[in-house]
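> only the shape, not the letters, is given here:
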């Protein structure tokens, strides 16, 4: 455990932190050899007021979580850490607010750890003795890459099932059979969860890398996939074995998500873009259940799904909308789903310009990553980038449209300079000019002005 020097100094110079322990993700990540970003500390033997007073001597204190026994501490340089008191949570009603919370500074360490969701998150670290405290076999589970619930307190918060979903994905874990059964036993409590909390766990899944398909299979094994009907329908939808030897649409979706997570371009992207691409890959075939049927193609019966990409856009929007993710994210995901077969169209300058415009605010390069994951997610077929996709990427680069949509060359100021009077006709003329630009009528301002001069004056 490598503590920041500033945190170590704070622990050494603040008497109220004499029994402070690092808890949760930072301890788990240290043992996994992963970068430690957030340091959460649980403080024993001192009440809330005394802890706040002690920390105030060292920096700014925000009592943002007073009812939960949490204090946010900020140093002069802006560095922040969360300090909390151990607490007893008693479930008194349905929903994430149906808890009675009582802070107890004298709570035994083992009992406090027993209330954490999984053994790998119930680990503690003593910064004074440099010892790990492991009451429930969390280190053994980490070595075995096993996800196991800590105690029967697990059932008090159904969100823990979705946390399990993103943990098995991010850390490539195998859930213990008993944990799967426990999750199945509380599947009926899904309705207690606020959509925003559900959406946050999906966002962690989408940006976490690892093996995303493991999280999807976890939902299926625990009977929680039913709460996401668009995804559940994929498991009942077959595919043509010649093009999809890997199995049904749900199986393919998992392989495609894993393929995306393995792409260097995805790993190097910012967190929001990683989430956009993963959610688009998750949703890219949501239209198949409604469009899949058997039909004769060239004298042979095939399983086909015509138009599924167009059907998938609204389904992706509805799915993400229920999760209450940001509108900006949805606006990037939906066009990627809708156009994920764009490489099959006839490739011309016009088609590339129109594709780049239809995708915005997403980009052709993002679409190419989705299409690569789609192509790679079909084992045992070899992972080869389709030639049509390579051609699309090259054409977009030649037109400088791989990372941005085309911008209108003709603007209102150009119309005014040409003697056009501002008015309602301006908008009509500018829209027509942009359509002509997309069609290739001109590709620079000089050409745009010639096009404008050829247009009849307004009445």
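Looks like it arrived, so ask away. All values derive from a computational prediction rather than experimental measurement.
> so what are the domain limits for the chain?
Listed domain ranges for the chain are 1-141, 412-453 (source: automatic domain parsing).
> out of these, which gets nearest to residue 357?
domain 412-453 (6.1 Å; Cβ to Cβ). All C-beta atoms are positioned from the backbone trio N, CA, C, and that covers glycine.
> span of the closest one from start to end?
Across its full length, domain 412-453 reaches 14 Å end to end, with Cα to Cα, to the nearest Å as the criterion.
> one more: stretch 312-331?
End to end - Cα to Cα - stretch 312-331 spans 14 Å.
> ok, back up a step: and among the domains of the chain, the most buried is which?
domain 1-141 (a mean of 16; mean count of other Cβ atoms under 10 Å).
> for residue 205, which of the domains of the chain is the nearest?
Comparing the domains of the chain by Cβ to Cβ, domain 1-141 comes nearest, at 15.2 Å.
> got the end-to-end distance for that closest one?
Terminal residues of domain 1-141 lie 18 Å apart, using Cα to Cα.
> chain center to that domain: distance?
26 Å (Cα atoms, centre = their mean, to the nearest Å).
> again with stretch 272-292
12 Å.
> likewise for stretch 164-184?
Distance, centroid of stretch 164-184 to centroid of chain: 18 Å (Cα atoms, centre = their mean).
> give the buried residues for that stretch.
Under the neighbour-count criterion of 16 or more other Cβ atoms under 10 Å, stretch 164-184 has 164-171, 173, 175-176, 179-180, 182-183 buried.
> out of the residues you listed, which is nearest to residue 38?
Of all these, residue 38 sits closest to residue 170, with 14.7 Å by Cβ to Cβ.
> wait, that closest one sits on residue 209?
Yes: when contacts are counted by Cβ atoms under 8 Å, residue 170 is listed as touching residue 209 (6.5 Å).
> start to end distance for stretch 151-168?
End to end - Cα to Cα - stretch 151-168 spans 18 Å.
> so which bits of that stretch are buried?
151, 153-168.
> so which of these are in strands?
Among the buried residues of stretch 151-168, the subset assigned to strands under DSSP state E is empty.
> where along this protein do the strands fall?
Using DSSP E, strands in the chain cover 20-23, 40-43, 60-65, 70-74, 80-84, 87-91, 99-103, 124-126, 131-133, 146-147, 174-175, 293-297, 300-304.
> mind putting these into JSON lines with mean pLDDT?
Shown next, in JSON lines, are the strands of the chain (pLDDT from 0 to 100):
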{"stretch": "strand 20-23", "mean pLDDT": "97"}
{"stretch": "strand 40-43", "mean pLDDT": "95"}
{"stretch": "strand 60-65", "mean pLDDT": "84"}
{"stretch": "strand 70-74", "mean pLDDT": "93"}
{"stretch": "strand 80-84", "mean pLDDT": "93"}
{"stretch": "strand 87-91", "mean pLDDT": "71"}
{"stretch": "strand 99-103", "mean pLDDT": "72"}
{"stretch": "strand 124-126", "mean pLDDT": "97"}
{"stretch": "strand 131-133", "mean pLDDT": "96"}
{"stretch": "strand 146-147", "mean pLDDT": "98"}
{"stretch": "strand 174-175", "mean pLDDT": "98"}
{"stretch": "strand 293-297", "mean pLDDT": "92"}
{"stretch": "strand 300-304", "mean pLDDT": "94"}
